[in-house]
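Undergrad: sequence and predicted structure below; questions after.
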Amino acid sequence: MSILFFDTETTGLAKPGLPTGHEDQPHCVQLAAILTDDQGQEEACVNVIIRPDGWTVPERAAAVHGITTEKAARYGIREQVASVLFYDLTSRADLLVAHNIQFDRQIVATMYARAKRAEWKLPEAQFCTMEAAAPLVNLPPTPRMRAAGIIKPKAPKLEECIQHFYGEALEGAHDALVDVRACARIYFEMKRMGKAA
C-alpha cells in the first residue's frame, strides 16, 4: 500500500458559500507531499512554492507561513505545474493522509479547477490525523466550543499532537514540508497503537 501525506499553505481560509475554483477562494502558496510505503519508507517527495498569477499573499497569511508575495513570485512555480506534480503522486497513492484533510482537499480541488483540470479527482480513501487524534490527545473544548454547547475534545494542532505522542516541540510549523513530515510521524505512531488504517 502506498500512502500520500500532503499539506498546503494558503492565502486564507476556504469560503464555503463559493464554488470550488471561484476567484475568491484562497490560493495555495505552498504544497508539500510525501509518498511512502505502508512502513513509512519515503519513495517520493514534492515541496513547492506557487507563483502568484494576478493574486497576492495577504500579510496576515504571510505572518503565519512566512511566504510573502515577493518570495512566492521569486521562487514559485506555476500553479498548473504544481497541480500536475501533485496529481501524478495522487495517482500512485492508495491512501491520502493529512491533518485537517477536508481543508487541504478543498484547496487542491480549487487548484485543479484553476488549472482547468476539474476532472482530476483525489483518491476517496483518506485518513485525517486531526480527527483521529482528537480523542487520544483529548484536549478540553475551547470556550467558544463550550458556548456553542460542544463538549467533545478540541481538534488538536500538529504541534499538540507531536507534543502528545513524542513529548517534543514541533520546530518550523506552518512550513508545508515540516507539517507533512509531522503528519506522517503522527499517522505511523497511531498505526503502531492500532488507531490508524
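TA: Nice, I can see it. Numbers count the residues shown, from 1 in each chain.
Undergrad: tell me where the longest helix sits in the chain.
TA: helix 176-192 (DSSP state H).
Undergrad: flag every buried residue along it.
TA: Buried residues in helix 176-192, counted by 16 or more other CB atoms under 10 Å: 176-191. To be clear about C-beta, it is placed using only N, CA and C from the backbone, and glycine gets the same treatment.
Undergrad: packing partners for it?
TA: strand 2-10, strand 28-37, strand 42-49, strand 95-98, helix 129-137, helix 158-166 (3 or more CB pairs under 8 Å, 6 or more residues apart in numbering; DSSP states H and E).
Undergrad: adding mean neighbour count and distance to Met145, write those out as a markdown table.
TA: Shown next, in a markdown table, are the helices and strands packed on helix 176-192 (neighbours: other CB atoms under 10 Å; distance: least, CB to CB, whole Å):
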| stretch | mean neighbour count | distance to Met145 |
| --- | --- | --- |
| strand 2-10 | 26 | 24 |
| strand 28-37 | 23 | 28 |
| strand 42-49 | 17 | 34 |
| strand 95-98 | 24 | 22 |
| helix 129-137 | 19 | 12 |
| helix 158-166 | 18 | 15 |
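Undergrad: in JSON lines: those, plus distance to Glu119 and mean pLDDT.
TA: Below are these laid out as JSON lines (distance: least, CB to CB, whole Å; pLDDT from 0 to 100):
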{"stretch": "strand 2-10", "distance to Glu119": "19", "mean pLDDT": "98"}
{"stretch": "strand 28-37", "distance to Glu119": "19", "mean pLDDT": "98"}
{"stretch": "strand 42-49", "distance to Glu119": "21", "mean pLDDT": "97"}
{"stretch": "strand 95-98", "distance to Glu119": "18", "mean pLDDT": "98"}
{"stretch": "helix 129-137", "distance to Glu119": "28", "mean pLDDT": "97"}
{"stretch": "helix 158-166", "distance to Glu119": "32", "mean pLDDT": "97"}
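Undergrad: just send those back as a markdown table, with distance to Arg114 too.
TA: Shown next, in a markdown table, are the helices and strands packed on helix 176-192 (distance: least, CB to CB, whole Å):
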| stretch | distance to Arg114 |
| --- | --- |
| strand 2-10 | 13 |
| strand 28-37 | 9 |
| strand 42-49 | 15 |
| strand 95-98 | 20 |
| helix 129-137 | 26 |
| helix 158-166 | 27 |
